[in-house]
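Asks: how would this look folded up:
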Amino acid sequence: MKGRNYAGRTSAHLAPARSGPDRPATGQHSEDQTLSVRTFHASGAISFSTKGEYGVRMLVQLARRWRPESPVPASLAEVALDEALPRAYLEQLAIPLREAGIVASTRGARGGYALARDPREITLGEALRALEGPLAPMICASEDPNHALCERLGACSVNYLWVKVRDAISGVLDTTTLADLIPAPHLIELGIRERTPVPV
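Replies: As a prediction, the model looks like this:
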């Protein structure tokens with residue numbers, strides 16, 4: 001299927017249409033060719049950028065260090081080392097996460113970043129929207145009410161599909177918390193989850 005791809009989207013997106021002999025270099029498709037020139041980091045039809053991937057990995061590391069009584073700040077150098085990620089990139093990702101109230105920073109010799117709230121209260125949907133923007137598998141199915149609409153929206157019968165895809169992704173992200181990504185034994189150690197009695 002040859003679908004349009006629109007530049008400027010920062011959330012989930014479709015892979016660009018491939019060029020080939022059946023796609024003329026001029027004429028009505030010339031605009032599509034310009035808009036579809038994009039670089040993707042993952043295979044598959046729908047993907048998030050490295051902002052979402054690295055940002056979630058950073059948050060999981062902070063969740064593992066979180067303590068109910070007193071969150072323990074972690075330096076981004078530690079997180080970068082644990083996750084084999086570039087520290088400079090994590091510093092950029094920390095800005096929107098702090099602005100969204102997901103992480104808090106502390107200055108000083110023992111400063112760093114920590115979750116601003118209990119990891120059970122922070123969903124992946126909240127985190128990814130802070131990092132990537134509104135979910136939008138296609139331009140006609142963006143969560144952003146102010147997003148530019150597709151010119152074919154009034155006559156397109158496929159919009160229903162993309163809205164269903166968006167809502168399915170949103171449903172998973174909005175019901176999954178950072179605590180869900182931490183191994184149960186670690187949560188028990190932190191006092192976030194009670195130990196389940198072993199049946200006898």
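Asks: Share the number of residues neighbouring the closest residue in space to D174 that isn't next to it in sequence, please.
Replies: Computed as Cβ to Cβ, 6 or more residues apart in numbering, the closest residue to D174 that is not its neighbour in sequence is G125, at 3.9 Å. Placement of C-beta: from N, CA and C, glycine included. G125: 19 surrounding residues under other Cβ atoms under 10 Å.
Asks: G125 contacts D167, correct?
Replies: No - G125 is beyond contact range of D167, at 11.6 Å (criterion: Cβ atoms under 8 Å).
Asks: hang on, the earlier thing: show the model's pLDDT score for the residue nearest to D174.
Replies: Per-residue confidence at G125 stands at 96 (pLDDT).
Asks: What helices and strands are in contact with the particular helix or strand that has it in it?
Replies: Using DSSP states H and E, G125 sits within helix 124-132. With contacts taken as 3 or more Cβ pairs under 8 Å, 6 or more residues apart in numbering; DSSP states H and E, helix 124-132 sits against helix 50-65, helix 87-99, helix 159-174.
Asks: Other residues contacting it?
Replies: Residues from elsewhere that reach helix 124-132, judged by Cβ atoms under 8 Å, 6 or more residues apart in numbering: 10-12, 48-49, 51-52, 55-56, 59, 93, 96-97, 99-100, 102, 135, 143, 170, 172-174, 176-178, 181.
Asks: Give me the angle between that helix and helix 159-174.
Replies: 110 degrees (axes from the mean of the first three to the mean of the last three Cα atoms, to 10 degrees).
Asks: Just the C-alphas of helix 124-132, formatted as CSV.
Replies: The C-alpha trace of helix 124-132 is given here as CSV (Å, rounded to 0.1, in the frame of the first residue of the first chain):
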residue,chain,number,x,y,z
LEU,A,124,4.0,4.6,29.5
GLY,A,125,1.4,6.7,27.6
GLU,A,126,2.2,9.7,29.7
ALA,A,127,5.9,9.2,29.3
LEU,A,128,5.8,8.6,25.5
ARG,A,129,3.6,11.6,24.9
ALA,A,130,6.0,13.8,26.8
LEU,A,131,8.8,12.5,24.7
GLU,A,132,7.2,11.9,21.3
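Asks: ok and it relative to helix 87-99, angle-wise?
Replies: In terms of direction (the same axes, to 10 degrees), helix 124-132 departs from helix 87-99 by 120 degrees.
Asks: ok, R57 touching A84?
Replies: No - using Cβ under 8 Å, R57 is not in contact with A84, being 9.5 Å away.
Asks: Neighbour count for these two, which is higher?
Replies: More crowded of R57 and A84, by other Cβ under 10 Å: R57, with 17 against 7.
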